[in-house]
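> A predicted structure for the sequence below; I have some questions about it.
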Amino acid sequence: MRGFRYFLSVLFFSLFLAPVAPVTHAQQQVTLGNATAELTGPWKFHIGDSPQANGRRGDPRWAQPDYDDSAWGAMDLTPPPGSYDPVIGSSGFVPGWTARGYKGYSGYAWYRLRVNVQDGQSALALKMPDNFDDAYQVYVNGQLVGEFGRFTARGVTAYASQPQAFSLPANLHGGPETIAVRMWMAPSTPLVAPDAGGLHGPPVLGQPSAIAGLLRLDWGTVDRAYDGNFLETAILLLALLVAIGLFWLDRTEPAYGWLVVICVLVLSLYAQATLEGYTTWISRNASLLLDAVLLPAYIGLWILFWATWFRQKGMAGLHRIVWGLAALLVLGTAMVRAPLYGSVVPAHAIVWISPLVLALKLLLGGLLIWVTARGIRQNRTEGLLALPAVLLIALYLYFDELNVLHVPVFYHPFGIAIGLGQIGAILSLMIVTVLLLRRFLRGQREREQWKLEIEQARQVQQMLIPEALPVVPGFTLESEYRPAQQVGGDFFQIIPHSADGSILIVLGDVSGKGLKAAMLVSLIVGSIRMVAETTQEPMAILQALNRRLCGRMQGHFATCVVTHIAANGETTLANAGHLAPYLNGKEIAIAGSLPLGIIEAAEFSRTDLRLCENDRLTFMTDGVVEAQNEQKELFGFERAQQIGNQPAAVIAEAAQKFGQEDDITVVSVVRASA
């Protein structure tokens, strides 16, 4: 928990930690009765371990009652007035040895205290403080009675500090007793916790039932310290559910997805902290390395979230900068954490690594502010609404630095310890959730308006695309129009000429899809109707259409085939880049040409033929040949030709079932027999 809550540098400690010289005091006299006694000392204190000691057990002589500790220093464990634990915010915090004359020291150290127990009971127990660095073994009259941490010949495995109590042997129930505590602190702990080193409170000696009661109170204090985390977890879960729901409903807004990732990451951090606080499943080394990865990732994710939120350009470059800095911060942080620091990384390297790590973290914070400033310039209203959330997030990210600068960072409403960082995280998540809901509702209104406009465009297009075909004596007409979206880019017109019994058929396709293509279709169909009033000549119609469309297509173009069929079957086709039609299932050979709307002086191909009785002439758009199945196989020209003599509905249905990718239009005309 301490590693998660603090990300500090030696630079700060060199500015704010001052040594305090040890003093020597007499032994402590306690009268128990049915009560308990805090063993504030002063304790005899000595850094290091005896040469005869091994990793599993210390030198047994240093724990014996008759050992001469007169040359040792002194360490009073009385909490200073008004002090509080800088990690969980509980009262009664005793600064460690790094703040009391042993700055920068890590490794083994011993506490010894002679206690003269008056009116002792038949059984005694010892409760250790719930905050310490990083592991300990407790000896009473030279006998090991308990430990927290795993001491082996290869080294010590430490865990996050927890309240512990140990029963003393039955033969120890009063009179002079010597209590010795063998402490061990990792080299990296002074870098991640202020005032580190040894015991941060006095042990308590007393009757087992009274000690059990105090132990329950200590766990209650731990529970209250985590109440803020539980409240923040509840807010996080709410924000996560909202973000997942919004992302599910609207995949076009990537900011929803970024918030999902952020919430999952923070929940994993809280799960890790909770496991550390209540179990010994995660060692301190593993926890510190995990923090070294997750915290830089958390900062980077917030930067990318706000850049995405403001829809800023250059996201690829921003990704490279953010993750490059985050990777450097991970590397630098891991170098000043256990197990690398003090073993792989020499201790003197902290002089240049620590300022570099701090600079990298500040650079990421500056990048967050820069992204926000750009967002305010782009959209003042949206940026100002987001600014409080960004500042609160920064408060959470730089909570450790504020604590080192002695800014009050803990408050205790209703007896619950809540830090400024937690307040910032809770309020920022609430603001972000409200902003997400606001954007989603606004997007829903825009989508509804867009749907209404598309529906209106569809209705306009339905009026332009004939549903009921005209009845022309001597001909049988068929058509199928199946847009890929609500509105399409295909068009066709069938215009009979009652004066001579001829038919004018115009069919084509605008490049692109959607509303813009549909609007161009409206322009083309209107132009066709206008030109057809003055001429029935296919080539003249194409040339007139091309003149009207050049300069008005906005990067699009249109393929088109115009066909005039006389009553006697004489047929003239003029083609502008469209697919060749099929005559009785065989493709008509026509010359290639440019589509409409590209250049004003374009030339188009012309083909003349004659329809005999029962001949079928079939036109189709590229939505038929470009249909694609799940294996990415195209429908193709060969399949189209095989069914080119089928009714229009059969052709359209075959292409659509194969896998429609584009608008499908099929028009068929059969010259009836006499």
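It's in. The model shown is predicted, which means the values in this text are computed figures rather than measured ones.
> ok, now which ones touch Thr78?
Residues in contact with Thr78 (Cβ atoms under 8 Å, 6 or more residues apart in numbering) are Thr40, Gly41, Val94, Pro202. (Glycine included, C-beta is placed from N, CA and C.)
> In TSV: the residues you listed, plus secondary structure.
Output for the contacts of Thr78, formatted as TSV (DSSP: H, G, I helix; E, B strand; the rest coil):
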residue	secondary structure
Thr40	coil
Gly41	coil
Val94	coil
Pro202	coil
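> Was I right to think Pro203 contacts Leu126?
Yes - here Pro203 reaches Leu126: they are 5.7 Å apart, a contact under Cβ atoms under 8 Å.
> Next, show the common contact partners of these two.
Counting by Cβ under 8 Å, 6+ apart, the residues touching both Pro203 and Leu126 are Ile179.
> helices or strands next to the helix or strand that contains Trp219 in the packing?
Assigned by DSSP states H and E, Trp219 falls within helix 208-249. Here helix 208-249 touches strand 36-38, strand 125-128, strand 164-167, strand 204-206, helix 254-278, strand 418-419, helix 420-464, going by 3 or more Cβ pairs under 8 Å, 6 or more residues apart in numbering; DSSP states H and E.
> so what secondary structure elements neighbour the helix or strand following the fifth one?
Pointing back at helix 254-278 there. Remark: after helix 254-278, the chain's next helix or strand is helix 284-309, criterion DSSP H and E. Contacts defined by 3+ Cβ pairs under 8 Å, 6+ apart place helix 284-309 against helix 2-5, helix 254-278, helix 315-335, helix 350-378, helix 380-397.
> Excluding chain neighbours, what is closest to Thr372?
Of all residues not flanking Thr372 in the chain, Val390 sits nearest, at 4.7 Å (Cβ to Cβ, 6 or more residues apart in numbering).
> now do Leu427
Leu392 (5.0 Å).
> re the thing from before, burial of the residue nearest to Thr372, as a residue count?
22 (other Cβ atoms under 10 Å).
> Hmm, it is touching Trp306, no?
Yes - the pair Val390 / Trp306 is scored as a contact, 6.5 Å apart, by Cβ under 8 Å.
> okay, and the common contacts of those two?
Here Val390 and Trp306 have Leu368, Thr372 as joint contacts, going by Cβ under 8 Å, 6+ apart.
> hang on, Thr607 in a strand?
Yes - under three-state DSSP, Thr607 sits within a strand.
> is it true that Ala334 touches Asp291?
No - with contact defined as Cβ under 8 Å, Ala334 does not reach Asp291; the gap is 9.6 Å.
> Give me the common contacts of the two.
With the criterion set as Cβ under 8 Å, 6+ apart, the contacts of Ala334 and Asp291 do not overlap.
> Comparing the helices and strands packed on helix 284-309, which comes out most buried?
Compared across the helices and strands packed on helix 284-309, helix 2-5 shows the largest average neighbour count, a mean of 23 (mean count of other Cβ atoms under 10 Å).
> Which of the helices and strands packed on helix 284-309 sits closest to Arg547?
Nearest of the helices and strands packed on helix 284-309 to Arg547, taken as Cβ to Cβ: helix 350-378 at 42.1 Å.
> tell me the angle of the closest one relative to helix 315-335?
Here helix 350-378 runs at an angle of 150 degrees relative to helix 315-335 (axes from the mean of the first three to the mean of the last three Cα atoms, to 10 degrees).
> Counting neighbours, what do you get for Ala544?
18.
> mind showing which ranges of the stretch 251-400 of the chain have poor pLDDT?
For the stretch 251-400 of the chain, residues meeting the criterion pLDDT under 70 lie at 399-400.
> Quick check: phi and psi at Tyr139.
phi -120, psi 140 (degrees, to the nearest 10).
> and it, what pLDDT?
Note on Tyr139: pLDDT of 93.
> Could you do Ala125 as well?
Ala125 is given a pLDDT of 90.
> Output the below-cut-off pLDDT ranges for the stretch 101-250 of the chain.
Ranges of the stretch 101-250 of the chain meeting pLDDT under 70: 119-122, 172-174, 192, 194, 225, 228-229.
> if we can go back for a sec, the residue nearest to Leu427 against Tyr398, yeah?
No - applying Cβ under 8 Å as the test, Leu392 and Tyr398 come out as separate, 11.3 Å apart.
> returning to what we had before: distance from the chain centre to the helix holding Trp219, please.
Centre-to-centre, helix 208-249 and its host chain are 22 Å apart (Cα atoms, centre = their mean, to the nearest Å).
> what angle do it and helix 254-278 make?
Computed with the same axes, to 10 degrees, the direction of helix 208-249 lies at 170 degrees from that of helix 254-278.
> buried sites along stretch 540-554?
If you call a residue buried by 16 or more other Cβ atoms under 10 Å, then stretch 540-554 has these buried ones: Ile541, Leu542, Gln543, Ala544, Leu545, Asn546, Arg547, Arg548, Leu549, Cys550, Met553.
> So which residue is dead centre in this structure?
The structure's the chain has its C-alpha centroid closest to Val261; by Cα atoms, centre = their mean the separation is 2.6 Å.
> Glu570 versus that one, what's the distance?
69 Å (Cβ to Cβ, to the nearest Å).
> contacts for stretch 378-390?
Residues contacting stretch 378-390 (Cβ under 8 Å, 6+ apart): 306, 309-312, 368-369, 372, 375-377, 427-428, 431-432, 435, 438.
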